[in-house]
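Participant: Got a predicted model here, sequence first, then my questions.
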Amino acid sequence: TQTYPHYPGATAEELWGKIDRQLKQLSTYAMHSAQESISNRPGCFEWFGMDFMVDTDFNCWMLECNVSPDLSTGTRVLDRLVPDAMESAWDMLLSEPRSKPVHEDGCWELAFHGKAIKPDVLQKRFWLKKSLLSELRAGR
């Protein structure tokens with residue numbers, strides 16, 4: 001039986017639950033912080049790559065978030081993970097929408113489901129962003 005000095009009596013399942021909750025929260029924070037920079041077009045999606053570290057107290061730290069993550073292979077781990085992730089992403093994207101999608105192999109899970117943003121609100125945000133960027137570029 002594995003023991004964890006900082007968490008006597010904790011099971012691996014309990015500690016993984018702690019890690020899982022933190023990863024979802026950090027991912028949600030990253031997406032919220034970038035949402036105004038992402039073009040929201042119907043039928044399109046963005047692929048983000050996030051790197052995390054877990055310390056000895058099972059606290060998670062986001063190291064980086066990439067808009068265009070490297071999906072190349074070349075190591076035994078990546079040779080296995082990347083094709084599976086790509087295949088299950090397509091399976092998820094092409095399946096019927098569900099309130100809490102989980103791919104059957106556990107590769108993908110919905111971490112946050114926000115309310116839908118109406119098209120007119122998106123349009124207003126787009127023009128506001130465009131206006132503000134124009135003013136910044138003009139030095140106003």
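Facilitator: Ah, there it is. For clarity, every value in this text was computed on a predicted model and none was experimentally measured. Numbering: from 1, shown residues only.
Participant: Apart from its neighbours in sequence, what residue is nearest the most centrally placed residue in the chain?
Facilitator: Geometric centre of the chain, nearest residue: S27, 4.6 Å, by C-alpha atoms, centre = their mean. Spatial nearest neighbour of S27, excluding adjacent residues (C-beta to C-beta, 6 or more residues apart in numbering): A111 at 5.3 Å. To be clear about C-beta, it is placed using only N, CA and C from the backbone, and glycine gets the same treatment.
Participant: Surely that neighbour touches K24?
Facilitator: Yes - taking contacts as C-beta atoms under 8 Å, A111 lies within contact range of K24: 4.0 Å.
Participant: what residue ranges in the chain are flagged as low confidence?
Facilitator: Applying pLDDT under 70 to the chain flags the ranges 1, 43, 93-107, 117, 140.
Participant: Give me the buried positions along stretch 51-67.
Facilitator: By 16 or more other C-beta atoms under 10 Å, the buried positions in stretch 51-67 come out as 58, 60, 62, 65.
Participant: Same check on stretch 22-34?
Facilitator: In terms of neighbour count (16+ other C-beta under 10 Å), stretch 22-34 has its buried residues at 22-23, 26-27, 31.
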